[in-house]
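# the sequence and its predicted three-dimensional model are supplied below.
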Amino acid sequence: MALIKSVRGFTPQVGKNCFLADTAVLIGDTVIGDECSIWFGAVLRGDVNSIRIGNRVNIQDGSVLHTLYEKSTIEIGDDVSIGHNVTIHGATIHNGALVGMGAVVLDHAVVGEGAIVAAGAVVLSNTVIKPGELWGGTPAKFIKMVDPEQSKEINQKIARNYLMYSTWYEEE
């Protein structure tokens, strides 16, 4: 069973039909919507500020979400995929976005609706990635626009797949 820990009077809240892997960690002021999956080794550390996650979000293995005390929060929209070993520190990720494996998204950065952050990218503080853009590199830079239908199809497919994968772990 996942570790769910209260801190400073805040207890994580989890929506309906969510999968929390045995080694997932949810701490403090963390609120997760419905049909989300938080995978093995993921840490959502809402101890110093809030983390708000929409519906049908998957946060994959080894990812860490944290904030700056009294300065930054995390807001993640609906149908978002956060790849393996991603670090999100005080950023906003809008609906339908994808953050690729090993990426880092720093404080006050904004990832627009349907945008893609490439694997291994480092999105610096205060960067604004507009809807439908693909960014990659270190530091991350604009690469190209992604066809909105293609982006939606890819990102929603991944989100749906992770919802399906989570059912494989249901207790019988």
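Perfect, thanks for sending it. Numbers count the residues shown, from 1 in each chain.

# count of residues packed around Ile154?
Number of residues near Ile154 (other C-beta atoms under 10 Å) recorded here: 17. C-beta coordinates here come from the backbone N, C-alpha and C atoms, glycine included.

# my guess is it contacts Leu98, does it?
Yes. Contact criterion C-beta atoms under 8 Å: Ile154 and Leu98 qualify, at 7.1 Å.

# residues shared between the contacts of the two?
Common neighbours of Ile154 and Leu98, using C-beta atoms under 8 Å, 6 or more residues apart in numbering, are Ile116.

# sheet partners, orientation included, of the host helix or strand of Ile88?
In the assignment (DSSP states H and E), Ile88 maps to strand 87-89. Sheet pairing of strand 87-89 (DSSP bridges) gives strand 64-66 (parallel), strand 104-105 (parallel).

# what does it contact?
Residues outside strand 87-89 that contact it (C-beta under 8 Å, 6+ apart): 63-68, 72, 74, 76, 82, 99, 103-107.

# which single one of the residues you listed is nearest to Val25?
Val64 (9.4 Å; C-beta to C-beta).

# show me where the chain dips below the pLDDT cut-off.
Scanning the chain for pLDDT under 70 picks out 171-172.

# output the longest strand belonging to it.
For the chain, the longest strand by residue count, based on DSSP state E, is strand 43-53.

# next structured bit after that strand?
Counting by DSSP H and E, what follows strand 43-53 is strand 58-59.
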